[in-house]
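Asks: build me a structure from this.
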Amino acid sequence: GDKAIPRTEVVKKIWAYVKKNNLQDKKEKRNINADETLREVFGGKKTVSMFEMTKLVNDNLTSSKG
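Replies: Numbers count the residues shown, from 1 in each chain. Down below sits the predicted model:
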């Protein structure tokens with residue numbers, strides 16, 4: 001929508017999506033195995049750690065403010 005939400009909420013929503021779609025790595029719980037939708041957010045990467053995800057979300061949010 002048009003209303004901006006805080007970065008923390010974006011991260012929460014991505015985690016909810018990850019869990020709903022079983023995208024959390026089974027062996028390495030800190031990793032996310034991105035589907036096609038998340039790859040767009042993650043710059044095309046197939047797997048990212050939760051720390052990297054936070055950075056990528058932050059990068060996306062700051063670059064879209066322009």
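Asks: I'd like the distance between residue 57 and residue 26.
Replies: 23 Å (Cβ to Cβ, to the nearest Å). Bear in mind the C-beta positions are built from the backbone N, C-alpha and C, glycine included.
Asks: more crowded one of these two?
Replies: Higher neighbour count among residue 57 and residue 26: residue 57, with 18 against 8, using other Cβ atoms under 10 Å.
Asks: packing partners of the host helix or strand of that one?
Replies: Assessed by DSSP states H and E, residue 57 sits inside helix 50-63. Helices and strands touching helix 50-63, by 3 or more Cβ pairs under 8 Å, 6 or more residues apart in numbering; DSSP states H and E, are helix 7-20, strand 31-33, helix 36-41.
Asks: my guess is residue 7 contacts residue 59. True?
Replies: No. The criterion here is Cβ atoms under 8 Å, and residue 7 misses it with residue 59 at 10.7 Å.
Asks: show me where this structure dips below the pLDDT cut-off.
Replies: By pLDDT under 70, the low-scoring segments of the chain are 1-2, 64-66.
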